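S.K.: after the sequence you'll find the predicted model.
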Amino acid sequence: MNIEALQGLGAHDEVAPLSGARASAAEVSAGPSFTERVSSGLQELNGQLLAAQGDLQRLAVGDVDNLHEVMVRLEESRIALQLAMQVRNRVLEAYQDVMRMQI
């Protein structure tokens, strides 16, 4: 984002949309569906958590050559799990909002 350009804007100035910022319906439908993205993300998260479990087991028995790499991977997996939980919560909130609108 160009911060210098934004700093010169007044409170009610309009910002021109970026060229090509909106995808056409054909471009959107050509990509993976929401379900496919969620499934892929969960599979990736599962693999990351399994790798972290292996790292923890190696750490427990003292079979770790590079402690720094193990700690970084464990922190990455912790953050990925937290992010997945936040996405789950947002999806549930959206579903509940849709159900409320149908009543």
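M.R.: Yes, it's here. Numbering: from 1, shown residues only.

S.K.: packing partners of whichever helix in the chain runs longest?
M.R.: Among the elements of the chain assigned as helix by DSSP state H, the one spanning the most residues is helix 67-102. Where contact means 3 or more CB pairs under 8 Å, 6 or more residues apart in numbering; DSSP states H and E, helix 67-102 is packed against helix 34-60. (Each C-beta comes from the backbone N, C-alpha and C, glycine too.)

S.K.: what angle do helix 34-60 and the longest helix of the chain make with each other?
M.R.: Between helix 67-102 and helix 34-60, the angle comes out at 150 degrees (axes from the mean of the first three to the mean of the last three CA atoms, to 10 degrees).

S.K.: and the most centrally placed residue in the chain, what pLDDT?
M.R.: Nearest to the mean C-alpha position of the chain, by CA atoms, centre = their mean, lies Leu83 at 6.1 Å. With respect to pLDDT, Leu83 scores 91.

S.K.: so how far is Glu44 from it?
M.R.: Relative to Glu44, Leu83 is positioned 11 Å away (CB to CB, to the nearest Å).

S.K.: and Ile79, by the same measure?
M.R.: In terms of CB to CB, Ile79 sits 13 Å off from Glu44.

S.K.: Leu59 now?
M.R.: Between Leu59 and Glu44 the computed distance is 22 Å (CB to CB).

S.K.: one more: Ala30?
M.R.: Distance from Ala30 to Glu44, by CB to CB: 22 Å.
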